[in-house]
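Student: can't give you the sequence, but here's the structure:
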């Protein structure tokens, strides 16, 4: 089954468009937004147990889990990651690696080999060097979905992705077109700062109705949910990270978000 | 000591501008360019032993080791990576993580936390979302160097990085300027396909004489060494991957490259 079909089935079964973002930070790593509970074992054990407990807590109130490489992958190698993904799938959820893969050729293929081995369903891809079609083909050969970064919300992304011109076209328009033409599975689009409703609806028009739009940055980063729900169409995932995973009660917090953020 | 100073010292001590690229692929991963020798243990053990043997073999004939995340990091978590980096440093070499980090804010900071914990000296950064200054500042606070992707050699990068305009300027010029202004440590620049000697000398002019230019893609990918040596100045590292690490005798192959590729 293609990733898009899998997403559509799970969205219906779970009746949710919420994606819970796992950014597991150790207490020694930074001041706030860290794992508070004590777990036995080394750093890898702590992170794995925390992630597994969080998945169990939120599983009834979401559609997907997104794990960020920059937090997890240095600590968890493939066997621990596979263990976590088996739990995610046992709850009937989708698992996305927020990897922002952006290498070339055989290095991308190597990443795809390992992402599959870890048990993920899809990964995010950064098109700084192009290669969207090549990456989508290599990923689809292993039944993995590719969600390509298109327009990010941080202030400098406005310069690099929106004001930058590719043959007179804003770069993010061109990337959205490329994703459609390459048969990609979706795009990552921010929802705050410089990103307007017309940007979101333009991307939807360029990629077509079926492809996934993944919105990070809702919750702690203050993303505008109303703007998304009115401009992005139905094939969406709305990611909430810190506000759920570092809340005192991830289960009830995820339930509240899931009740509040719904397709019309 | 800053990363640039460390590089200059090691280049002089080792009398070499060769960087050996470790892309450790398992035999089940692809057909050619794989680890041929048998080692005991699981995939992580195999990759670690292979990397350590290769480092020992090439240590006298290079200045730096570059490890690509897309091959290594899924298998080796931080404790194994730290073990490998201790070996690299015991030989007096520099260790670079070819990570192409390209996330935002706290995710980048998390990556920097782990990259330091793994024992690397510097990492590569992808500026698709901008954030060059922010990343350089966070990395320097932990004494890590940042080498920013500027112009890649794959055919599509010509569209995305060279033909794309940022305020009427080719994107890769703008990135080179940003790296200088942000106090970044260097840039990654290809040397094949669409990349000409004037592109390389333009980048050198924009970043100044001291910053490192790291050239991947020499060797298996057929990079043009003459073009680099005549256009890039002295502060360079020339990466050779597969042609050394998968040769029958990495020690003598690296010695040959090190004899052939020298600053005038």
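Tutor: Now that the structure is in, tell me what you want to look at. Bear in mind the structure is a predicted one, so any value in this text is a computation, not a measurement.

Student: please, which helix or strand holds residue A:115?
Tutor: Assigned by DSSP states H and E, residue A:115 belongs to helix A:105-118.

Student: mind listing the strands for the stretch 151-264 of chain A?
Tutor: Under the criterion DSSP state E, counting those that start in this stretch, the stretch 151-264 of chain A contains strands at A:165-166, A:169-170, A:186-189, A:212-218, A:236-240.

Student: got a list of contacts for the helix holding residue A:115?
Tutor: A:78, A:81-82, A:85, A:97, A:99, A:101, A:103, A:123, A:131, A:134-135, A:138-139, A:142-144, B:23, B:25, B:29-30, B:33, B:68-71, B:74-75, B:154 (CB atoms under 8 Å, 6 or more residues apart in numbering or on different chains). Glycine gets a C-beta too; all of them are placed from N, C-alpha and C.

Student: restricted to buried residues, select these in PyMOL.
Tutor: To isolate the buried members of these in PyMOL, using 16 or more other CB atoms under 10 Å in any protein chain shown:
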select buried, (chain A and resi 78+81+85+97+99+101+103+123+131+134+135+138+139+144) or (chain B and resi 23+25+29+33+68+69+70+71+74+75+154)
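
Student: which of the contacts of helix A:105-118 fall in strands?
Tutor: A:97, A:99, A:101, A:123, B:68 (DSSP state E).

Student: okay, those in CSV with pLDDT next?
Tutor: Putting the ones in strands among the contacts of helix A:105-118 into CSV (pLDDT from 0 to 100) gives the following:
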residue, pLDDT
A:97, 98
A:99, 98
A:101, 98
A:123, 98
B:68, 97
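
Student: which of the residues you listed lies closest to residue B:254?
Tutor: Comparing these against residue B:254 with CB to CB picks out residue B:68 as the nearest, at 17.4 Å.

Student: so who does that closest one touch?
Tutor: A:103, A:107, A:110, B:21-23, B:98.

Student: distance to residue B:15 added to those, as JSON lines?
Tutor: Converted to JSON lines, the contacts of residue B:68 look like this (distance: CB to CB, whole Å):
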{"residue": "A:103", "distance to residue B:15": "31"}
{"residue": "A:107", "distance to residue B:15": "29"}
{"residue": "A:110", "distance to residue B:15": "32"}
{"residue": "B:21", "distance to residue B:15": "20"}
{"residue": "B:22", "distance to residue B:15": "22"}
{"residue": "B:23", "distance to residue B:15": "25"}
{"residue": "B:98", "distance to residue B:15": "24"}
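
Student: farthest-apart pair in the residues you listed, please.
Tutor: Among the contacts of residue B:68, the pair separated by the greatest distance (CB to CB) is A:103 and B:22, which sit 14.1 Å apart.

Student: just give me the longest helix of chain A.
Tutor: Ranked by residue count and defined by DSSP state H, the top helix of chain A is helix A:43-58.

Student: burial measure for residue A:128, as a count.
Tutor: Taking other CB atoms under 10 Å in any protein chain shown as the criterion, the count of residues near residue A:128 is 25.

Student: find me the pLDDT at it, would you?
Tutor: Per-residue confidence (pLDDT) for residue A:128: 96.

Student: separation between it and chain B?
Tutor: Separation of residue A:128 from chain B (CB to the nearest CB, to the nearest Å) stands at 4 Å.

Student: SS state for that residue?
Tutor: The three-state label given to residue A:128 by DSSP: H, G, I helix; E, B strand; the rest coil is coil.

Student: residues in contact with it?
Tutor: Contacts of residue A:128 (CB under 8 Å, 6+ apart): A:102, B:102, B:126-128, B:149, B:160-161.

Student: go again with 7 Å.
Tutor: Listed by CB atoms under 7 Å, 6 or more residues apart in numbering or on different chains, the contact partners of residue A:128 are A:102, B:102, B:126, B:128, B:149, B:160.

Student: what sits against residue A:161?
Tutor: Residue A:161 touches A:151-152, A:171-172, counting by CB under 7 Å, 6+ apart.

Student: quick check: closest non-adjacent residue to residue A:208.
Tutor: residue A:180 (5.9 Å; CB to CB, 6 or more residues apart in numbering or on different chains).

Student: verify the contact between the one you found and residue A:204 for me.
Tutor: No: Residue A:180 lies out of contact with residue A:204 (CB atoms under 7 Å); the separation is 11.0 Å.

Student: between these two, who's got more neighbours?
Tutor: residue A:204 (21 against 16).

Student: just the pLDDT at the more buried one, thanks.
Tutor: At residue A:204, pLDDT is 98.

Student: then residue A:1?
Tutor: 79.

Student: what's the answer for residue A:153, then?
Tutor: At residue A:153, the model reports a pLDDT of 92.

Student: swap in residue A:220?
Tutor: Residue A:220 is given a pLDDT of 60.

Student: again, but for residue A:184
Tutor: pLDDT, residue A:184: 98.

Student: quick one: the helices in the stretch 151-264 of chain A?
Tutor: Along the stretch 151-264 of chain A, counting by DSSP state H, counting those that start in this stretch, helices occupy A:155-157, A:171-182, A:197-207, A:225-231, A:242-245, A:250-260.

Student: and the ones you listed: which comes nearest residue B:210?
Tutor: Nearest of the helices of the stretch 151-264 of chain A to residue B:210, taken as CB to CB: helix A:155-157 at 24.7 Å.
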